[in-house]
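*Asks:* Here is a sequence with its predicted model. Questions after.
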Amino acid sequence: MTQTIVIDPVTRIEGHLRIEAETVVNADGSVGVQRASSSSTMVRGIEIIMKGRDPRDAWAFAQRICGVCTVVHGVTSARAVENALGIAIPPNAEMIRNLMMGAQYIHDHVMHFYHLHSFDWVDAASALSAQPLLTSQLQTSISPENPNNSPEYFQSVRDRLYNFANAGQLGIFGKGYWGHPAYRLPAEANLILIAHYFEALAWARKIVKLHAVFGGKDPHPNVIVGGMPCAISSGKAGGVGEIRSGTAVNAASLALVAEVIADMKSFTERIYLPDMVLLARLYNDSVTLQKATDWTGIGEGVGNYLCYGDFPMNGINDLSGLMIPRGIILNRDLSQVYPLDVENPEDIQEFVAHSWYDYSSVSKTSGLHPYAGETKLNYTGPAPGYAKLPTDQSYSWIKSPRWRGKAMEVGPLAHILMMYASGQPNARLLVKVAYEVIGWAPDPTLAKLQSTMGRNVARAMETYLIALEMNTWLARLNANIAAGDLSVFNNAKWNPATWPSHARGFGYSEAPRGALGHWVVIDAGKISNYQCVVASQWNAGPRDAAGVEGPYEAALRGHLIADGDRPLEILRTIHSFDPCIGCAVHVARPDGRSSGWVNDA
């Protein structure tokens, strides 16, 4: 008899994500996953809301798709409309958008690792037995520049954790899988990572100030079709370090932005990267005496990677100036990058064979390019309270996007592999150094990165690369201002009377979770069709009509499960993608648990 492990919800932030993992008992008695199904159990429908609206307003609605990806949907939407209407934004606006999106990447990656994913690897109960002196010595060995290295500091963190636990204030971590046999870190390493969990909370409050400077607020800072709405003042502020005169973007606020960038880079260098090195070392059999499962050999997924590209230096249409290049990598082969044509109906299609949608222009087993895409809701699933989904039929509110029929992984791992395969010097050097410091043997295929642990290492590397580029973008902005260029908005086509009767455009970005595309069709000055293909859609989509698994589903195949009531191994791999299913809420079983066994018929 087979059994199915059900985890609902999987995500610790926005979204209903449900995983059903069918398991079998292997010949050696171990329990393994033979097939997994990924389901989003709540519909978004923003595409329906968009129809009939003024395209200049689209960004404000699209940005509300997600409160975590708080900038990228707005910018991507504005880019789609700008592409449709032929609007080129000023260089200052391009640099400001880069800075805002770069800050979101760094903020999001750090928050994901420490606050959403670290406890898949860190045993909080074990940290209570850590010795402060040994913890201090371990911390100093991996990050001697960190000022919080004293035994007294780690004693205070341990006391704080004890007080939280004793008072029952562990919140969502109160029902963690503490003591699970898959936890392998020594107590002192657990205490270090928990200390940095606390530090990251305080750090994150500073970083969002950059969004407030350029976008007026956070979350959901302001954007505008044609550029940015933040006027630049060439005058100085009314006082040292104050923003009292001129506009919000002036000498004082730009100095604040420089401080925020320095904080981001410092935290990444002193804390995030060393912690990732420590984690990768201790969950690698080749360098630890504990013989933990080597998580660089687990959770690879489909082996195909897609990037639209992002962070333009010379305008969004100059693909050669993108920090993250556009392209396709197939079958784990980094020796060739294939071209990607986002407007070719043969390149990108969305399938709904196993999704709760229907198509009126083609059969349910056929695919549609987003320009011709449809959002026609058709829920055929079971009534609320079901134990299992009919995964041989439709089982998700996510469509299945494909590149020429192939499932593609998107996200930080795809970004690093694409930069590496494209020959970017900084990326190649960082990969080389990471392999050496972690203790991985050199490998031109970067096989260890293409794994559950590798996704986390790639995310940390990407954070560092973006932190370096932030100074370049700020320097370009400051140089333009010093030369007298204060323009942030192109109003040449603001009047709908100047628009063609029919237009369509594609807006792209690389959100922290990967390739994000918005396709807009404009007729008679109004939106007639709007389709979003979001990053977690590429990764979390269900099987298509041909039975091809999405990346989440493929990555779980073959996982060994030590305890079906506490499926930590499944969470590790799914959380390594940084899942976020927008516009949904959390649910839990009446007993407070979110997972369990279901006997198959």
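*Replies:* Nice, I can see it.

*Asks:* In stretch 313-328, which of the residues would be classed as buried?
*Replies:* Met313, Ile316, Leu319, Leu322, Met323, Ile324, Pro325, Arg326, Gly327, Ile328 (16 or more other C-beta atoms under 10 Å). Every C-beta, even on glycine, is put in place using the N, C-alpha and C of the backbone.

*Asks:* nearest spatial neighbour of the first one, skipping sequence neighbours?
*Replies:* Beyond its immediate neighbours in the sequence, the residue positioned closest to Met313 (C-beta to C-beta, 6 or more residues apart in numbering) is Gly321, lying 4.1 Å away.

*Asks:* Kindly report the same for the last one.
*Replies:* Using C-beta to C-beta, 6+ apart and skipping the chain neighbours, the partner closest in space to Ile328 is Tyr338 (4.0 Å).

*Asks:* any idea how far the one you found is from Gly564?
*Replies:* According to C-beta to C-beta, to the nearest Å, Tyr338 stands 40 Å off from Gly564.

*Asks:* who's more crowded, the two?
*Replies:* Gly564 (18 against 13; other C-beta atoms under 10 Å).

*Asks:* Helices of the stretch 301-450 of the chain, residue ranges please.
*Replies:* In the stretch 301-450 of the chain, the helices defined using DSSP state H, counting those that start in this stretch lie at 412-421, 425-438.

*Asks:* which residues sit against the longest one?
*Replies:* Going back to what we said before, that points to helix 425-438. 277, 280-281, 284, 287, 416, 419-420, 440-443, 446, 448-449, 457, 461, 464-465, 468 (C-beta atoms under 8 Å, 6 or more residues apart in numbering).

*Asks:* just to revisit the earlier point, next up, the contacts around the residue nearest to Ile328.
*Replies:* Gly327, Ile328, Ile329, Leu330.

*Asks:* re the thing from before, just so I know, which of the helices of the stretch 301-450 of the chain lies nearest Asp578?
*Replies:* helix 412-421 (7.9 Å; C-beta to C-beta).

*Asks:* who does the closest one touch, helix- and strand-wise?
*Replies:* strand 305-307, strand 322-324, strand 327-329, helix 425-438, helix 452-482, strand 514-523 (3 or more C-beta pairs under 8 Å, 6 or more residues apart in numbering; DSSP states H and E).

*Asks:* what's the average pLDDT for that helix?
*Replies:* What helix 412-421 shows for mean pLDDT is 98.

*Asks:* swap in stretch 139-146?
*Replies:* Mean predicted lDDT for stretch 139-146 stands at 93.

*Asks:* ok now it, how far from the chain's centre?
*Replies:* Between the centre of stretch 139-146 and the centre of its chain there are 28 Å (C-alpha atoms, centre = their mean, to the nearest Å).

*Asks:* Distance across that stretch, terminal residue to terminal residue?
*Replies:* By C-alpha to C-alpha, to the nearest Å, the extent of stretch 139-146 from end to end equals 8 Å.

*Asks:* Find me the pLDDT at Leu170, would you?
*Replies:* In this model, Leu170 carries a pLDDT of 69.

*Asks:* what residue is smack in the middle of this structure?
*Replies:* Arg513 (2.3 Å; C-alpha atoms, centre = their mean).

*Asks:* Wait, it touches His575, no?
*Replies:* No. The criterion here is C-beta atoms under 8 Å, and Arg513 misses it with His575 at 11.8 Å.

*Asks:* any residues in contact with both of these two?
*Replies:* The contact sets of Arg513 and His575 do not overlap (C-beta under 8 Å, 6+ apart).

*Asks:* Is Tyr36 in a helix, a strand, or coil?
*Replies:* Slight slip there: residue 36 is Ala, not Tyr. Judged by DSSP: H, G, I helix; E, B strand; the rest coil, the three-state class of Ala36 is strand.

*Asks:* which non-adjacent residue is nearest it?
*Replies:* The nearest residue in space to Ala36 (C-beta to C-beta, 6+ apart) is Leu556, at 3.9 Å.

*Asks:* if I look at the one you found, how far off is Ala195?
*Replies:* 32 Å.

*Asks:* now do Ile316
*Replies:* From Ile316 to Ala195 the distance is 41 Å (C-beta to C-beta).

*Asks:* cool, and Leu85?
*Replies:* Separation of Leu85 from Ala195 (C-beta to C-beta) stands at 50 Å.

*Asks:* who's more crowded, those two?
*Replies:* Ala195 (25 against 22).
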